[in-house]
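Enquirer: predicted structure and sequence below. I'll ask about it afterward.
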Amino acid sequence: MHYAYIGLGHLGGKLASCLLRAGFALTVHDRDRAAADPLIAAGAAWAATPREAAAEVDAVITCLPSPAATQAVLTGKDGVLAGLRAGGTWIEMSTLDRDSIVHFAAMAEACGVRTLECPVTGGVHLAAVGKVTVLVGGDADLFTQHRPALAAMGREILHMGPLGSAAVMKVITNMLAFIHLVACGEALMLAKRGGLDLAQAFHAIRASSGNSFVHETEGQLILNGSYDIDFTMALANKDLGFALGFAREFGVPLDLAALAAETFRRATAAFGEGAQSTMVVKLLEDALGTPLRAAGFPAKLTA
């Protein structure tokens, strides 16, 4: 299988590297050529446009920041669908809403191209070593065909069902992560203002029934003060917006998600759309004039 990978940001670049290390033939494209340079040095081929990237491969993988970015890469005279042969596969690893992935898949089908949605969860530090969880939506036979490539990028590969099902599941996992992040900040602040040693408080929570993946990972970056999770406020707002959209569609009141979304909106106003999503906790730190810092925690996460 020869794959093209389009979208080499914090996440996409790491996942593309996993494909190369596993021995897959790989062509890459990104609006920023410099993002592709490490992959090219490792053996990937460069394509100047999405169409050129798609023209000589069996499948195109995209990992992009928004539905609008996905549409721009797919369509037009230089888009993926103008280059990918009939019978090829488009694999979308971005986090999209269900309606968008179904709509884009219909566009692909009209060009004779089949679609898999494969958003991932676990964080950039796990993507770097191929240990993310991959959530798959699409036909079972297509999933089987591309499972070796997915297994090169992820440790646990879960087929959620037809197209759209992985989009719903990914939004649910991100919604939980953002709620946990706000809660993590509040818990650490209670410990700090209660006079506890924050490092010991972190370890106590991690060993308790109140632990979460977010506490174990992003909690360390809060205590370090770097907040450097490689995920922006803009992306968090997008994903929480998807969750609240599903709430309206499915008739489910999401009180905690709504509160988290409002907190992230305030954090975005304070720190900017490009700020690290983990900085949502800094709202509370700044409001109370109490930084949450402890020695011995890393500035970046490693697997």
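Expert: Now that the structure is in, tell me what you want to look at. Fair warning: this is a prediction, and the values are worked out from it, not measured in the lab.
Enquirer: for the chain, longest strand please?
Expert: strand 154-161 (DSSP state E).
Enquirer: residue contacts, Thr274?
Expert: For residue 274 the amino acid is Gly, not Thr. Neighbouring residues of Gly274 by Cβ atoms under 8 Å, 6 or more residues apart in numbering: 232-234. Where C-beta positions appear, they are placed from N, C-alpha and C, glycine not excepted.
Enquirer: and it, helix, strand or coil?
Expert: Using DSSP: H, G, I helix; E, B strand; the rest coil, the structure places Gly274 in coil.
Enquirer: ranges for the helices of the protein?
Expert: All helices of the chain, identified by DSSP state H, fall at 12-21, 33-41, 50-55, 67-74, 80-83, 98-110, 124-127, 140-153, 165-193, 198-206, 213-224, 233-250, 255-271, 280-288.
Enquirer: how about those helices in JSON lines, adding mean pLDDT and distance to Thr133?
Expert: What follows is the helices of the chain, written out as JSON lines (pLDDT from 0 to 100; distance: least, Cβ to Cβ, whole Å):
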{"stretch": "helix 12-21", "mean pLDDT": "98", "distance to Thr133": "12"}
{"stretch": "helix 33-41", "mean pLDDT": "98", "distance to Thr133": "23"}
{"stretch": "helix 50-55", "mean pLDDT": "98", "distance to Thr133": "26"}
{"stretch": "helix 67-74", "mean pLDDT": "97", "distance to Thr133": "21"}
{"stretch": "helix 80-83", "mean pLDDT": "98", "distance to Thr133": "25"}
{"stretch": "helix 98-110", "mean pLDDT": "97", "distance to Thr133": "18"}
{"stretch": "helix 124-127", "mean pLDDT": "96", "distance to Thr133": "8"}
{"stretch": "helix 140-153", "mean pLDDT": "98", "distance to Thr133": "10"}
{"stretch": "helix 165-193", "mean pLDDT": "98", "distance to Thr133": "8"}
{"stretch": "helix 198-206", "mean pLDDT": "98", "distance to Thr133": "20"}
{"stretch": "helix 213-224", "mean pLDDT": "98", "distance to Thr133": "11"}
{"stretch": "helix 233-250", "mean pLDDT": "97", "distance to Thr133": "16"}
{"stretch": "helix 255-271", "mean pLDDT": "98", "distance to Thr133": "21"}
{"stretch": "helix 280-288", "mean pLDDT": "98", "distance to Thr133": "23"}
